[in-house]
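Asks: need coordinates for the following:
(chains A and B, ligands or ions: 2)
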Amino acid sequence: MAEQLLVAEGLGKTYGDVVTTVALSDVAFALERGEFASIVGQSGSGKSTLLNLIGLLDTPTTGSVSLDGKETTALGRSGRTRLRNELLGFVFQFHHLLPEFSVLENVVMPGLVGGGSEKALRPRAEEVLALLGLEGLEDKNANQLSGGQKQRVAIARALLNRPALVLADEPTGNLDTANTALVYELFRKVNAELGTAFLIVTHDRAVAQQTDRILEVSDGRLVQDVRNEFGAPSG
Amino acid sequence: MLSLRIAARFLRRSPVQSALIAAGIAVGIGVQVFLGSLIISLQQNLVDETIGSSPQVTVAAAEEGEPVTVTEAVRASLEGDDRVVAVVPVRTFSAIYRGDGASAPLQVVGGELGELDTIYDISGRTLKGAATLAGDDVLVGKEFAATNGLEPGDRAVFVLPDGAESRRTVAAVFDFGTAAANQTFAFVPATFAAEVLGHAPDQVTAVELQVADVFASVAVADDLRGDPALAGTTVSEWQSENEDLLSALQSQSTSSYTIQFFVLVAVALGIASTLAISAVQKTRQIGILKAMGMRDAKAGRIFLWQATLLGVTGAAAGVGVGLALIALFSRFAATFTIDPQWAFVALSFAVGVAVALLSSVIPSRRTSKLDPIEVIQGG
Ligand SMILES: Nc1ncnc2c1ncn2[C@@H]1O[C@H](COP(=O)(O)OP(=O)(O)OP(=O)(O)O)[C@@H](O)[C@H]1O
Ligand SMILES: [Mg+2]
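Replies: Numbers count the residues shown, from 1 in each chain, chains lettered A, B, ... in the order given. Ligands and ions are numbered 1, 2, ... in the order given. Modelled structure (predicted):
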């Protein structure tokens, strides 16, 4: 497939009607399938805004986002909702697990939302849980896990529908260094084994250095877009 | 069905809160079932007491004082209507009882005991003596007998409309349940009444009817009025002579509806506020479900399902509470039996569920409108 996975053109977002904040302006870049990229920048520079626009969670004031060759600007709320389910996986700073459900149920949830049955989804969920080293936790309640485990379950959930692109906004913001290292290792592993593209927002340069491509946002503009030859996993 | 599953989980996650709303609905519907059944039974009881043991439709001669001739055709007409359960020809006249220095007016009814029983159940309500209507028998009421010191077997003197005196033997003393009826009515054999009134064997003062459903009497009377076999007669129904009772029943119903309405409003407000709180508590979950691709309508349905689950359990429990109250009340407090009114119970159940669903409209709307970005940005 020659087509780009993601194409952002002239992307801008202005908040507010009376007092306006230009959070993002004129951002353009493309992402290939299977890319492993990061977005860095100061606090308030517009990283989350950019990620939410790409993730179809927010609508741009200007410009357009194409995902998997589909122009999304013209899509309505339900069209975007459906694309999110089919193409994207989200990992946030907070795990956002559903405390009412077990680990396994949380992981199959995107599949259930997409219309699948739990029975059919179970093998895939177990596979993803195993990939993230969470075997044996299936029947625990989401509340009974450690912070690191919760975040890994959230990652497993993001991977269930085999998304083409995982968007992660400060996914390790609440984790200690050991867990942070583990999460990036897992991202890499998934990227390598499943070919899933990653776009990870971080304010941590050291983390960004481990990705293949670094996009830097400053004051709502994309100021740098560099390939990072040191990013490939050692070995 | 994912919405239902999530709804059930949300409810189970806060069992106390869920139980409290269900209990609220249960109390409301319980009061509803109890109060409704109480009022309906009370009214039926009142109607039975007042009208049950008296004719509900009366066919008399169009001209007052004239007899009605009960031909085969007339009987066939009256007995042919299957809403009519009793057809009792009677001969009535006024008389005065003359005791030692005291006298009392009486309404004397002449008829066949077997027929009279179908309306008045004299045999079943006999206190003393043996209810028979033959020869010189007369049956008198409890208070009348007490005031005048009469016992079965005693001889009593009556002054007839033409001024003649008649000596009769008290065969039995009955109790119709109301002092007024016991004071006023006396029963004599049909033949004796015919003699007093100068009636031929097929002539009577009136034909009294009872209908299966006392409130159907208006329709029955209307039909009889149009019956050619009954030409020359006048047909009246109990409603036209009991307007006070009817308006009392009406206002009782109205006040009961008012109470029930406000109970339902209270229940609705309770459910609505609790569901609204629940919707706010679950904002984070709804937001993340939407972020992963749950459609707005489906998300909104979560609260519709919560309301359905709460409504059905609460209303079912409410029916139980209502029936328990009815049983308790019938056992310890009531002087009459309260029958559970099943149609009303079913209606209350449906109303309970409907009120719950209605109360979920606002939280459902809210949930379906929620934008996932609000939750994602809120952290
Ligand atoms: N809903 C909003 N309404 C108004 N302004 C907003 C809104 N969301 C973000 N902003 C503003 O847009 C700018 C970019 O915010 P954004 O959240 O994208 O920054 P960020 O790079 O993710 O920062 P951080 O590293 O702290 O998460 C900020 O100035 C912020 O105040
Ligand atoms: Mg941010």
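Asks: so does the helix-or-strand element of chain A with minimal mean pLDDT get close to ligand 1?
Replies: The helix or strand of chain A with the poorest confidence is helix A:205-208; it has a mean of 88 (mean pLDDT, DSSP states H and E). No. For helix A:205-208, no contact with ligand 1 is found by CB under 6 Å from any ligand atom; the gap never falls below 12.9 Å. Yep, even glycine has a C-beta here, placed from its N, CA and C like the rest.
Asks: list the buried residues for that helix?
Replies: Buried residues in helix A:205-208, counted by 16 or more other CB atoms under 10 Å in any protein chain shown: A:207-208.
Asks: ends of stretch A:162-179, what's the gap?
Replies: Terminal residues of stretch A:162-179 are spaced 23 Å apart (CA to CA, to the nearest Å).
Asks: near chain A, which residues of the stretch 201-350 of chain B?
Replies: Residues of the stretch 201-350 of chain B lying near chain A by CB under 8 Å from any CB of the partner chain: B:284-285, B:287-296, B:298.
Asks: avg pLDDT for the one helix or strand residue B:140 maps to?
Replies: Following DSSP states H and E, one finds residue B:140 within strand B:137-141. For strand B:137-141, mean pLDDT rounds to 95.
Asks: again, but for stretch B:209-216
Replies: Rounded mean pLDDT across stretch B:209-216 is 86.
Asks: is the residue positioned nearest the centre of chain A in a helix, a strand, or coil?
Replies: Centroid check for chain A by CA atoms, centre = their mean gives residue A:167 as the closest residue, at 1.3 Å. Using DSSP: H, G, I helix; E, B strand; the rest coil, the structure places residue A:167 in strand.
Asks: now it: how far from residue A:66?
Replies: Counting by CB to CB, to the nearest Å, the separation of residue A:167 from residue A:66 is 15 Å.
Asks: same thing with residue B:270?
Replies: For residue B:270, the distance to residue A:66 - CB to CB - is 50 Å.
Asks: now what about the least confident helix or strand of chain A, what contacts it?
Replies: A:38, A:40, A:172, A:180, A:184, A:200, A:202, A:214, A:228 (CB atoms under 8 Å, 6 or more residues apart in numbering or on different chains).
Asks: which of the helices or strands spans the first one?
Replies: Just to be clear, that refers to residue A:38. strand A:36-40.
Asks: does anything pack onto that strand? Which helices or strands?
Replies: The contact analysis (3 or more CB pairs under 8 Å, 6 or more residues apart in numbering or on different chains; DSSP states H and E) places strand A:36-40 against helix A:47-54, helix A:177-194, strand A:197-201, helix A:205-208, strand A:213-218.
Asks: name all residues that make contact with residue B:70.
Replies: Contact partners of residue B:70, counting by CB under 8 Å, 6+ apart, are B:89, B:202-204, B:207.
Asks: are stretch A:8-21 and chain B in contact anywhere?
Replies: No. For a cut-off given as CB under 8 Å from any CB, stretch A:8-21 has no contacts with chain B; the smallest distance is 10.4 Å.
Asks: which stretches in chain A count as strands?
Replies: A:6-15, A:21-31, A:36-40, A:62-67, A:70-71, A:88-91, A:165-169, A:197-201, A:213-218, A:221-227 (DSSP state E).
Asks: who in chain A is up against chain B?
Replies: Counting by CB under 8 Å from any CB, the residues of chain A close to chain B are A:48, A:52, A:55, A:57-58, A:77-78, A:81-82, A:84-86, A:90, A:92-94, A:96, A:98-101, A:109-110, A:112-114, A:157.
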